[in-house]
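Enquirer: predicted model and sequence follow; I will ask about them next.
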There are 4 protein chains.
Amino acid sequence: MSHNSFGHLFRVTTWGESHGPAIGCVVDGMPPNARFTLAEIQAELDRRRPGQSRYTTQRREADEVRVLSGAMPGETEGEYVSTGTPIALQIDNTDQRSKDYSDIARRYRPGHADVTYDVKYGIRDYRGGGRSSARETAVRVAAGALARKVVPGVKVRGALVAIGDIWIDRARWDWAETSKNPFFCPDAETAVRWAEHLDGVRKRGSSIGAVIEIVAEGVPAGLGAPIYGKLDADIAAGLMSINAVKGVEIGEGFAAAALSGEDNADEMRPGANGRPDYLSNHAGGILGGISTGQPVVARFAVKPTSSILTPRQSVDADGNAVDVMTKGRHDPCVGIRAVPVGEAMVACAIADHYLRDRGQAGVPRS
Amino acid sequence: MSHNSFGHLFRVTTWGESHGPAIGCVVDGMPPNARFTLAEIQAELDRRRPGQSRYTTQRREADEVRVLSGAMPGETEGEYVSTGTPIALQIDNTDQRSKDYSDIARRYRPGHADVTYDVKYGIRDYRGGGRSSARETAVRVAAGALARKVVPGVKVRGALVAIGDIWIDRARWDWAETSKNPFFCPDAETAVRWAEHLDGVRKRGSSIGAVIEIVAEGVPAGLGAPIYGKLDADIAAGLMSINAVKGVEIGEGFAAAALSGEDNADEMRPGANGRPDYLSNHAGGILGGISTGQPVVARFAVKPTSSILTPRQSVDADGNAVDVMTKGRHDPCVGIRAVPVGEAMVACAIADHYLRDRGQAGVPRS
Amino acid sequence: MSHNSFGHLFRVTTWGESHGPAIGCVVDGMPPNARFTLAEIQAELDRRRPGQSRYTTQRREADEVRVLSGAMPGETEGEYVSTGTPIALQIDNTDQRSKDYSDIARRYRPGHADVTYDVKYGIRDYRGGGRSSARETAVRVAAGALARKVVPGVKVRGALVAIGDIWIDRARWDWAETSKNPFFCPDAETAVRWAEHLDGVRKRGSSIGAVIEIVAEGVPAGLGAPIYGKLDADIAAGLMSINAVKGVEIGEGFAAAALSGEDNADEMRPGANGRPDYLSNHAGGILGGISTGQPVVARFAVKPTSSILTPRQSVDADGNAVDVMTKGRHDPCVGIRAVPVGEAMVACAIADHYLRDRGQAGVPRS
Amino acid sequence: MSHNSFGHLFRVTTWGESHGPAIGCVVDGMPPNARFTLAEIQAELDRRRPGQSRYTTQRREADEVRVLSGAMPGETEGEYVSTGTPIALQIDNTDQRSKDYSDIARRYRPGHADVTYDVKYGIRDYRGGGRSSARETAVRVAAGALARKVVPGVKVRGALVAIGDIWIDRARWDWAETSKNPFFCPDAETAVRWAEHLDGVRKRGSSIGAVIEIVAEGVPAGLGAPIYGKLDADIAAGLMSINAVKGVEIGEGFAAAALSGEDNADEMRPGANGRPDYLSNHAGGILGGISTGQPVVARFAVKPTSSILTPRQSVDADGNAVDVMTKGRHDPCVGIRAVPVGEAMVACAIADHYLRDRGQAGVPRS
C-alpha cells in the first residue's frame, strides 16, 4: 500500500511539489529490453505542457525529462533500453516565480485542497498548490509513455468530448483532428465553438468543466483481475485520482441506466480467429472486469478550475472570514490538459494488468 | 496485491461461487474490542436478500451468516467482541437448484462475463454465474456491517435515485421512505411510478438500469491518502467493482463539467468549532482526495440486467453461432439490490482510510 | 498490505483460532486448470498432524480439509480442477476440550504471545492460545499443497537437522528416512539418539529447540524480485513468521561469515543447456535475490516449546506476580511439526515468484 | 507489491545503478511536521561511506544527499519540516571511473548476481555491478535517518560482532567504542585483532565474512502485525534483502535450538508502570511477532566479498569457460559497511509498524 503509487506489477510512484526543485517518478516493473527514446516521452509531455495556447495556464515549463536509472543507452542518440530495474524520471521545475505567497499561504481557496491538507497534515506547501497541484500529472504522462511500450500493439488515445454543455458531434469524430486544435477535439466544428466559448470564459475570469474520453485499442482479451482488481475498477481509480475529476464511466456509462437489457446487449457472432465478433460495444470493452478484446472506452468529468477571478467567501487558517480571489496563471478549463493524463492512467492500468497476466518474463522482448 | 481483496488496513477478502457449498469473506484489520451482533449483520444482509418482492430475483436464500473467527462471545446472546484477528464470515448456499446447466455451460450470454472468464482462465464455473454472479456481493454487505463499526458516529445510507430515465424528485427526499418501498426509493411518489414501470419491464421479460446514491455522514475531516489512494479514487474503485456498474460520480459528478467555477465553488464561513462551515457541497465531501467533514456523496450507474427473455445472437465455446435466451430467476433491475452493496463498499473504503489515519490502536475502544 | 496474508500473486490469507469452530484459508491466485485431490492436501496435513507419536502434542484433530470454492469437481472422486478464482479451504476444530481456561485467561505464560496480544489488542482469545497457537499452521500446510502444483516439476522437501545440540551426520542424509521416523530425520542413526534424548526431555516436563532444513529442487532460474522482494528475503519472512522461529539461513547461512571469498565462491563451468553448471552451492540457490536453478536451501531455528511443567515466574493481567506452569497437551519439541510448515512457506514463496515472473496465463495448463 | 519498495505505511522505494548518474529513494508515509536536517542524514551516510579506512573500498563518493520534495525549509539553515507528502532523496554518483568494463560485461563473477540478472532480464547494467551493487544501500541509510524520526525516543544502533570466526567478547561491549574504530566494533580489544586479521586478508587479495548485531531500544510494546506481518518477519525480510546477507536471527537466534524451555524462558515480574519487567531477553524483544517493549535484538550474517584477486572458474554469457579475477576497488569485508545499512532496515521496519499501529495522525507532532 502506498499513497503515492499506482499499479502493482507496473508500479508508478510519484513525488514532488509544484514549486519545489523538481518532480519525478519511479517506474517499477518496466519489462527489460524495451526500447524507448527521450523524444517519445518528451512528445507526450509536450502534449500536456502548459502555455501552448491561450486556453491553458501561461506558466511556462520546459518540462524536460531526464532518465536517471533503469536503462542502458541504446544504439542511437537519446535511445534507451530498459533493464528491468526501476526507471527514475525527473523533470526540473524551472518556472517557480519567486512571488509572494503570503496571501494564499493561510487562506483556503474554495474548491482547492488547501483546507483538507491543512486539516490532515497540519502543514502544507502552499507554493503553487504544492503536492496537490496538477503539476504532479506531468510525471504521470511521462510514466504513461513507458506504459504504452509494455503491451505490444496497444494504442491509447484521448479526446475532449465536452466543454461545459457543448458536446462534440460523434458523427464527425476524426482522431486526426485532435492534434490540430488546442482542445484535443476530434470534431473540427465543435473546436471552433469551444474556442469562442472559452474566450468568453477566460475574459470574465471564470472557468468551465469538461468531459474526456479515452479509447484503448489493441488491448488483448483476458486482462483484468476480478473481483476487486477489475480492469474497469482500476481504470476508475486511476482516472478519479486525477486532479479535479468528479466522475468516471466505462462504455455506455451512466447512459446505461436508461437502457433496456435488449438495447444494452453486445451481441456476438463467430469471428475469424475463433474468438467472437461483437456487434456493438456498450460494455466499453470490459465484461466482468475482464477485457473482451474490443476497444476499452472510458470517460471522465473534470470540474471547472477552482481558481477564478471572482471573489469567493472563505476562511483562513485562523478561522477568520476572508474573501479569496485567485490571481496568477491558471487554466480556464483544466479539462483540456487532462486528456494526456487520462491516456497515461489508462495506459498504466492496462500495462499493470498485462504484467499480472503474462508476467515480466512473458512480455515479448523487442 | 490480491484479486479478491478490497482495502489495505481494513481488508476484505471474499471467496465463493454462486452454486458452490458456501460463500464467505475474511475481514482483516477489524479493530479489537468492537461489539457487534449477528443480528446487525443479518439485518444488512436481509436488505440485499433476493426474493423479497416481485422486482428482484425469486431465488430464495436464507443468507444466514456465521462468525467463524476473530471474535469472542459477548455478554448477550448473539453478541461478539472483536479481538483484532481476522473475522471469517460465511454464508451457506442453500438454494442451488440441481438444474441442468448444459445449455449455458458452453453458450456465452451477451453482457455476462461468461466469455471473458473463458478467455482468461480457459475454464469457468458456469453454475449460476459462478464467481461472477452477484451472489458474491452478499458477503460484501456482511463485511460492510463490520466496517460501519470502525468509525465512531459514521452513518452510511443509500437510495435508488433513478430507474431507467425516471428520476426521483430531490425535493421530496425522505430517508425514512427508503425502507417503505421495495426500491430503496427516498421519494414515495416516484416509487409508485417505478412499480408501474418495472411491472411492464418484468412482464415483457426485459430489464432496465438504475442509478444509486450513497451518502456517508459523520466522516471525519482529513481521511484520504493523496495522490493515488484518494478517498474518492478508492470509493470509485469499490463501486466500479460491483457487478454491472458502468459509472461512478462524486458530488456533482458529470454535471460538474457543465458548471462554471463560480457555481461549483463550495464557499466557506467560519464554523463553530474552528473548522469551516461549507455553504454547499458540490465536491461531495472530498477535496484533493481528502474528506472535508461534509457528507461524502457518491453515485453509481448500474446497467440493465443482461439476462433477458428476448433471444440474442451469440456464440458458444466452440465458436458456433447460437441464440441465447435466459431462463430462470433473475432481477429485472439489478440496480435495486445494489443499494446495500454500494453502502458496504463506501463504508469499507471509509473504514480503511480511518485506520490509515488513526491506526488500529487509535480507534476508540467501545 | 494485510496482517494475515502471505504472498502477492499467489496469496494465502488465513483465519481462525485454536479453539474456535474452524480454521481456514483463502488461496488467491491459484492458476486455473490445475488438478489436485483432497487426498494430496490431506497427505500434507497428516504429516503435520499432532498426536502421531509420543513426541508431539496429544491433541487429536482429524484435520479434515474441505474445499469450499475455486474449483470444479474433476473426473474422479475427490479430484478438483482449479478455476482461477479463490480457493477456500477449511478445517473444523473437533477437539476443543471444554476445559476450564480461567487459570491462563489472565496469566501470561513466559515465552508466549499472551502478554503482547494483551498489550496490543486489549483483548485476547486465550482458549488454547487463540490466534497465536501453532494450530494456524495447519492451513499453511494445506495452502502449501496447492503451491506445490503451481511450478511444474518443483519438489520441496524438509528435514529436521538438529534437536538441541545433536546434529545429524550429513554424510548419512537419506530423504527416504524422513518418513520412517517421527522426526523427519534424514539420518537413521541420529533419529535413534533423538528418540532417547527427547524421552528424557519429555519425562522431566521440559522442552528443546530444533533446526529444520528445507530443500527446493526444480526451481527455475530467474525467480526473485530484487531489491526488496528477493526470493531469499521472502523466504526469510515466510519462515520467520512460523511460530517459535528465531533464525533463518539461506545456503551457507551464518557459517558463511567465517569463510573466505575463495572458499565461499560457487565456481561455474559451461553446462549442457547453455546454462552454467555450478561446482558448489554455498549460495543456497539464490544470487542477488534471484534463483540460480540450483536447489534452494533454507534453514530455520525453532526455540524450545515455551509450555513446560517447571513453574516460571510471571505476572497476570492485573500486574500481580504469579507462577505459571503449563498443564495440558503440548509438544516437547515444536520444531518437529514445523518441518511441513517450513516446506509450505518455501513452496508458497516460490509459487508467488513464479507467478510474478510468468503471470497466471504463463503457467502451463495441465 | 513492488520489487523496489520496502514497508507499507512507511514505504521506501529506491532506484539507481552503481554507475548511473544518481541513486535515490522516495520515502512515502513520513508523518508531517517532523523536523530533520541534512546534516543528520549526511551523518548516517558518512558512517556507511566507502574510502574511510583501508578496510573498505577505495571508491570515493561524496555521497551528498539532496532533499527534492516532501519538506518545507525549516527555521535554521539545512533544517526541513516534513509535510506528509513523499520525500525524494537523491545522491549523485560522482566517482564513476570511465574504466573499461568489457572484461566483466559478459563474464559472470562467481558469487555475484551477474548470471542471475542475465538469466532473468536478458540484459544487465554491468558497470560497477549496476543495480545489484551495494551502492544501492546508501539510500537505505538515508531513508533510515528519516525512519529514526518517526517513533519518539527510539534508538537503533548496530555493531559488528564477528569477523570470520573472531567474535567480540560481550563482557567488554561498549557502544562508545563503535565510533572509535573502523569496524563498528563495540569491544576495543577485538578491534585490534580484527585490524591485524583483515590486513592479512586484504594483502592476499582475499575476503572474509562478518556478523552484525542491531539493537533497537525504546520500541513501544505492541508493535507488529501477526500473523504474516510479524515485526520479526519484516525485520528478517529487510535484513535478508541487504546485499550478501545469508542469515538472520532474532534474540537468541539459532542458539535457541540448543536451549531447554526453562533456560529460554524470559520470566516476568511486576513492573513499575503496570507493565511486566522481564528478567531476560532471549526473545529479542518480540513475542508472537509483537514487540514486548524490551530492546529488539537482531543479528545477520554477511558472506565474504565475492570479488577477490584469486582467479575462479566461471563461464561467460556465450557459455564459454573463463577464469574470473576481480580487479578494482572492493571491500575485503563488506560486512563492515553493512552495519549502518542493517540499522536503517530495522529502523524502517519499526517505523512502518508504528504507523500501522498509530496511523499518521497518531504520531506526536514535534
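Expert: Yep, that arrived.
Enquirer: OK, now which residue of the stretch 151-300 of chain A is nearest to chain D?
Expert: Chain D sits closest to A:Gly229 of the stretch 151-300 of chain A, with a gap of 11.5 Å, by Cβ to the nearest Cβ. Every residue, glycine included, has its C-beta placed from N, CA and C.
Enquirer: give me the neighbour count for the residue nearest to that residue when sequence neighbours are not counted.
Expert: Sequence neighbours aside, B:His3 is the residue nearest to A:Gly229 in space, at 4.8 Å (criterion: Cβ to Cβ, 6 or more residues apart in numbering or on different chains). Neighbour count of B:His3, defined by other Cβ atoms under 10 Å in any protein chain shown: 22.
Enquirer: what helix or strand is B:His3 on?
Expert: Element membership for B:His3, per DSSP states H and E: none, as it lies in no helix or strand.
Enquirer: what residues are up against it?
Expert: Contacts here follow Cβ atoms under 8 Å, 6 or more residues apart in numbering or on different chains; on that basis B:His3 touches A:Ala225, A:Pro226, A:Ile227, A:Tyr228, A:Gly229, C:Asp28, C:Gly29, C:Pro86.
Enquirer: and the gap between it and A:Lys149?
Expert: Distance of B:His3 to A:Lys149, computed by Cβ to Cβ, to the nearest Å: 25 Å.
Enquirer: how many residues are close by the residue lying closest to A:Ala258 once chain neighbours are set aside?
Expert: In space, A:Ala258 comes closest to B:Asp165 once its chain neighbours are excluded; the distance is 4.4 Å by Cβ to Cβ, 6+ apart. Using other Cβ under 10 Å, B:Asp165 has 12 other residues around it.
Enquirer: ok, A:Ala188 - contacts?
Expert: A:Arg172, A:Asp174, A:Glu177, A:Lys180, A:Asn181.
Enquirer: mind doing that once more with 10 Å?
Expert: Residues in contact with A:Ala188 (Cβ atoms under 10 Å, 6 or more residues apart in numbering or on different chains) are A:Ile168, A:Arg172, A:Asp174, A:Ala176, A:Glu177, A:Lys180, A:Asn181.
Enquirer: weed out the non-buried ones from those residues.
Expert: Burial by neighbour count, 16 or more other Cβ atoms under 10 Å in any protein chain shown: within these this picks out A:Ile168, A:Glu177, A:Asn181.
Enquirer: near chain B, which of those show up?
Expert: When Cβ under 10 Å from any Cβ of the partner chain is applied, no member of the buried ones among the contacts of A:Ala188 is adjacent to chain B.
Enquirer: what distance do you get for the residue of the stretch 251-366 of chain A found nearest chain C to B:Gly158?
Expert: Closest residue of the stretch 251-366 of chain A to chain C, Cβ to the nearest Cβ: A:Gly359 (3.5 Å). Using Cβ to Cβ, A:Gly359 is found at 39 Å from B:Gly158.
Enquirer: what helices and strands are in contact with the helix or strand encompassing A:Ala138?
Expert: Element membership for A:Ala138 (DSSP H and E) is helix A:137-147. Contact analysis of helix A:137-147 by 3 or more Cβ pairs under 10 Å, 6 or more residues apart in numbering or on different chains; DSSP states H and E lists strand A:11-16, strand A:22-28, strand A:35-37, helix A:38-48, strand A:65-67, strand A:87-92, helix A:338-358 as its packing neighbours.
Enquirer: in a markdown table, list the ones you listed along with distance to D:Pro110.
Expert: Converted to a markdown table, the helices and strands packed on helix A:137-147 look like this (distance: least, Cβ to Cβ, whole Å):
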| stretch | distance to D:Pro110 |
| --- | --- |
| strand A:11-16 | 32 |
| strand A:22-28 | 29 |
| strand A:35-37 | 32 |
| helix A:38-48 | 37 |
| strand A:65-67 | 32 |
| strand A:87-92 | 29 |
| helix A:338-358 | 32 |
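Enquirer: mind checking which of the ones you listed is nearest C:Arg49?
Expert: Checking the helices and strands packed on helix A:137-147 against C:Arg49 by Cβ to Cβ gives helix A:338-358 as the closest, at 35.8 Å.
Enquirer: how many residues are close by A:Ala338?
Expert: Using other Cβ under 10 Å, the number of residues around A:Ala338 comes to 29.
Enquirer: and it, what does it touch?
Expert: When contacts are counted by Cβ under 10 Å, 6+ apart, A:Ala338 is found next to A:48, A:134, A:137, A:158, A:160, A:184, A:210-212, A:239, A:242-245, A:300-302, A:331, A:345.
Enquirer: now do A:Gly289
Expert: Neighbours of A:Gly289 in contact, by Cβ under 10 Å, 6+ apart: A:223-234, A:353, B:3, B:113, B:116-117, B:120, B:132, B:240-241, B:243.
Enquirer: go on, A:Arg66?
Expert: Counting by Cβ under 10 Å, 6+ apart, A:Arg66 has contacts A:Ala22, A:Gly24, A:Leu38, A:Ile41, A:Ala88, A:Leu89, A:Gln90, A:Ile91, A:Asp92, D:Pro21, D:Ala22.
Enquirer: specify the beta-bridge partners of it.
Expert: Per DSSP bridges, the residues bridged to A:Arg66 are A:Gln90.
Enquirer: skipping adjacent residues, who's closest to the residue of the stretch 251-366 of chain A closest to chain C in space?
Expert: Closest residue in space to A:Gly359, ignoring its immediate chain neighbours: C:Gly359 at 3.5 Å, by Cβ to Cβ, 6+ apart.
Enquirer: ditto for A:Asn281
Expert: Leaving aside its sequence neighbours, A:Asn281 sits nearest to A:Gln294 (Cβ to Cβ, 6+ apart; 4.9 Å).
Enquirer: buried residues in stretch A:325-342, which are they?
Expert: A:326, A:329-342.
Enquirer: which of those sits closest to chain D?
Expert: Scanning those for proximity to chain D, where the rule is Cβ to the nearest Cβ, the winner is A:Val341, at 18.6 Å.
Enquirer: surely that closest one is in contact with A:Arg135?
Expert: No - contact criterion Cβ atoms under 10 Å: A:Val341 and A:Arg135 do not qualify, at 11.3 Å.
Enquirer: identify the contacts common to those two.
Expert: When Cβ under 10 Å, 6+ apart defines a contact, the residues bordering A:Val341 and A:Arg135 alike are A:Asn243.
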